[in-house]
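Undergrad: My questions concern the predicted model and sequence given below.
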Amino acid sequence: MFSTRRQLEKRTGKSGTPRKVKKYLQQLVTEYQDTKDQEAKYQVLANLVNFSYDPINYNWLWQLNVVDLFLDTLTESDEKLKEFGLGGLCNLCLEKRNKEHIINYDGIPLIIQCLYDKNEEIILSAITTLMFLLTDNEKNEDILSDSVKKRLEHLSQFENKRLKNLATIFLQDYFSKT
C-alpha cells in the first residue's frame with residue numbers, strides 16, 4: 001500500500017469515505033452481475049478497477065466482495081473481462097487482507113494460468129500481481145515453481161520490451177535467490 005493511515009485520514013477525514021461511495025460501488029457491483037449487455041459489463045468492471053486503485057476504497061470493495069468478482073473474471077473466456085479483472089486484483093493485492101484472500105481462495109493458480117494467455121496485457125498484469133503476492137517474508141511455492149520459472153524464461157525472450165523486462169526482473173528478484 002502506498003499511503004499511510006495518516007495520509008488516508010487526511011484525505012478522507014476521521015469519518016472515512018462517504019457512504020455515497022459505498023452505495024455507488026454497490027450499484028456498480030449489482031449492475032455488473034445483472035446486466036446482459038457486454039459493453040456495459042466492460043464499462044462497469046473498468047470503473048471498479050479504477051476504484052480499486054485507491055486504498056481509500058479498499059474497505060468498501062472488501063465489504064462488497066469485489067476481490068471475488070475480480071477472481072471470477074479470470075475463468076471467463078472474454079479476454080477484456082479477464083484483463084480488467086486481473087488489473088483489479090493487481091491493484092488490490094497490495095493490501096494484506098486482499099492478498100491473503102487471493103492466496104487462500106485459490107487465486108494463485110488462476111493468475112498463473114494467465115501467464116499463458118495470448119493477450120500480452122493480461123500476461124503483464126499476471127506477472128506484476130504474482131510479484132506483489134510475494135514478499136521477503138512470504139514465499140509461495142506455487143508462484144516459485146519450476147513451471148512458472150520456465151514460463152518466465154520463455155517470456156524473457158519475447159520481443160515486447162515490457163514483457164521481456166518484467167519477466168527478467170521477476171527471474172532476477174525471485175529465482176536467482178532460490
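TA: Ah, there it is.
Undergrad: which residues touch the spatially most central residue of the chain?
TA: The centroid of the chain falls nearest to Leu89 when counting by C-alpha atoms, centre = their mean (1.7 Å). Applying C-beta atoms under 8 Å, 6 or more residues apart in numbering to Leu89 gives the contacts Val67, Phe70, Leu71, Leu74, Ile102, Gly107, Ile111, Ser125, Thr129. C-beta here means a position set from N, CA and C on the backbone, and glycine is covered the same way.
Undergrad: Does Leu28 touch Asn47 like I think?
TA: Yes - the pair Leu28 and Asn47 passes the contact test of C-beta atoms under 8 Å, sitting 5.6 Å apart.
Undergrad: So which of these two has more stuff around it?
TA: Neighbour count, other C-beta atoms under 10 Å: between Leu28 and Asn47, Leu28 has more, with 19 against 16.
Undergrad: mind checking which helix or strand the more buried one is in?
TA: Applying DSSP states H and E as the criterion places Leu28 in helix 19-34.
Undergrad: Keeping just the C-alphas, turn that helix into PDB.
TA: Listed next in PDB are the C-alpha coordinates belonging to helix 19-34 (Å, rounded to 0.1, in the frame of the first residue of the first chain):
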ATOM      1  CA  ARG A  19     -21.400   6.400   2.400                       C
ATOM      2  CA  LYS A  20     -22.300   7.700  -1.000                       C
ATOM      3  CA  VAL A  21     -19.200   6.000  -2.400                       C
ATOM      4  CA  LYS A  22     -20.300   2.600  -0.900                       C
ATOM      5  CA  LYS A  23     -23.700   3.000  -2.400                       C
ATOM      6  CA  TYR A  24     -22.300   3.800  -5.800                       C
ATOM      7  CA  LEU A  25     -19.900   0.900  -5.600                       C
ATOM      8  CA  GLN A  26     -22.800  -1.400  -4.600                       C
ATOM      9  CA  GLN A  27     -24.700  -0.100  -7.700                       C
ATOM     10  CA  LEU A  28     -21.700  -0.900  -9.900                       C
ATOM     11  CA  VAL A  29     -21.400  -4.500  -8.500                       C
ATOM     12  CA  THR A  30     -25.100  -5.100  -8.900                       C
ATOM     13  CA  GLU A  31     -25.100  -3.700 -12.500                       C
ATOM     14  CA  TYR A  32     -22.100  -5.900 -13.300                       C
ATOM     15  CA  GLN A  33     -23.900  -9.000 -12.000                       C
ATOM     16  CA  ASP A  34     -27.300  -8.200 -13.600                       C
END
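Undergrad: so what does that helix touch, helix or strand wise?
TA: Where contact means 3 or more C-beta pairs under 8 Å, 6 or more residues apart in numbering; DSSP states H and E, helix 19-34 is packed against helix 38-52, helix 58-63, helix 66-73.
Undergrad: Lovely, talk soon.
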